[in-house]
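Peer 1: Give me a 3D structure for the following:
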Amino acid sequence: MALDIRLKKVNKIYREGDVVSGLVIIQTKGELQHQGVSLVMEGIVSLQLSSKSVGLFEAFYNSLKPINLLNYNVEVAKPGKFPSGKTEIPFELPLRPKAGKSLYETYHGVFVSIQYCIRVEIKRSLLNKDLQKQCEFIVENKDQEEKCKLKPVNFTIAPDTLTNVKDKQHIPRFKVKGRLDSSCLQITKPLTGELMVEYCDAPIKSIEIQLVRVETCGCAEGFAKDATEIQNIQIGDGDVCRGMMIPIYMIFPRLFTCPSLSTNNFKIDFEINIVLVFHDDHLVTENFPLKLTRF
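Peer 2: Residues are numbered from 1 along each chain as shown. Take a look at the predicted model:
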């Protein structure tokens, strides 16, 4: 026997106020006795602490309970029998949050995860195992308060601009100049810009652009903030030519990024690092905060 959920929208992308509709498909080789079929649609924010933060604040554990954004539980078939062959059960559910809640965009993170799913369960007699199937769908929002305004960023990376360096005497002489076309970006459009190595005494091994998620969990008593890498793109390989412009181009991956978000219990921010790796594997990094929007 096979159990499946087929949504009407092929791309599975919905917005608040939409109707999530589809079919529960049951395929059997013979008659199937059952005790009812239930369908659950839910949206949950899952929070967890990194290993370095566990035990620091007892108050965290109360604020790290899953946050339920929406929950529907309906019976789509009463107890009975499914005939041999294919049975299709249609369903329609409105995509609306619970009272006092908001629907955040789908996001798959490390310490924060926002997921929406439909789960179907066929209940069977005591001697038979219940059958379950789950299907995730994507929620996007376009009702943000302000539109994204271009904020160009010009930067210079040199030994004098570096922070968190104790001994700058052992850093080779170098200077990298460039610009990001904007630090406020539409999530559907790429991060663009350019950079140029004006001079560098040491041979260069690689120039990379690293996209980082910064997830903050906690409450008024304290917050745990953790930065983790999403993706790393090499834009220069080897000892690149001096004085030549190198383009910066990065597309934001779906699901692993979302519009920048701040709530009482968690925050999701994004940054990029421009990383210059020297031939001896020493590296210097310059960090730039980003604001992502759906507009």
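Peer 1: burial of Val24, as a residue count?
Peer 2: By the criterion of other Cβ atoms under 10 Å, Val24 has 22 neighbours. The C-beta positions use only the backbone N, C-alpha and C, and glycine is treated the same way.
Peer 1: In space, what's closest to it - neighbours in sequence excluded?
Peer 2: Sequence neighbours aside, Ile89 is the residue nearest to Val24 in space, at 4.3 Å (criterion: Cβ to Cβ, 6 or more residues apart in numbering).
Peer 1: Report the separation between Val275 and Val212.
Peer 2: Separation of Val275 from Val212 (Cβ to Cβ, to the nearest Å): 11 Å.
Peer 1: can you pull out the helices in the stretch 51-200 of the chain?
Peer 2: Counting by DSSP state H, counting those that start in this stretch, the stretch 51-200 of the chain has helices at residues 60-63.
Peer 1: Please identify the buried residues of stretch 252-264?
Peer 2: For stretch 252-264, burial by neighbour count (16 or more other Cβ atoms under 10 Å) applies to 252, 257-261.
Peer 1: So for it, first residue to last residue, what's the gap.
Peer 2: 26 Å (Cα to Cα, to the nearest Å).
Peer 1: likewise stretch 177-186?
Peer 2: Taking Cα to Cα, the first and last residues of stretch 177-186 lie 24 Å apart.
Peer 1: What is the distance between that stretch and the centre of its chain?
Peer 2: Taking Cα atoms, centre = their mean, to the nearest Å, one finds stretch 177-186 lying 21 Å from the centre of the chain it belongs to.
Peer 1: The buried residues of stretch 252-264 in strands, which ones?
Peer 2: Leu261 (DSSP state E).
Peer 1: how about TSV for the buried residues of stretch 252-264, with pLDDT and distance to Glu42 added?
Peer 2: Formatted as TSV, the buried residues of stretch 252-264 follow (pLDDT from 0 to 100; distance: Cβ to Cβ, whole Å):
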residue	pLDDT	distance to Glu42
Phe252	96	26
Thr257	96	23
Cys258	94	18
Pro259	94	22
Ser260	93	25
Leu261	93	19
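Peer 1: Where does the prediction get shaky in this protein?
Peer 2: Residues of the chain meeting the criterion pLDDT under 70: 51-63, 143-147, 167-168, 219-222.
Peer 1: Got the domain ranges for it?
Peer 2: With domains defined by automatic domain parsing, the chain comprises 2-139, 153-293.
Peer 1: coming back round to it: make TSV out of the buried residues of stretch 252-264 and add distance to Gly218.
Peer 2: Below are those laid out as TSV (distance: Cβ to Cβ, whole Å):
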residue	distance to Gly218
Phe252	26
Thr257	22
Cys258	19
Pro259	21
Ser260	17
Leu261	15
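Peer 1: Out of the buried residues of stretch 252-264, the closest to Leu185 would be?
Peer 2: In terms of Cβ to Cβ, no member of the buried residues of stretch 252-264 lies closer to Leu185 than Phe252, at 7.7 Å.
Peer 1: ok, now which ones touch the closest residue to that closest one other than its chain neighbours?
Peer 2: Of all residues not flanking Phe252 in the chain, Ile187 sits nearest, at 5.4 Å (Cβ to Cβ, 6+ apart). Ile187 makes contact with 252, 257-259, 292-294, according to Cβ atoms under 8 Å, 6 or more residues apart in numbering.
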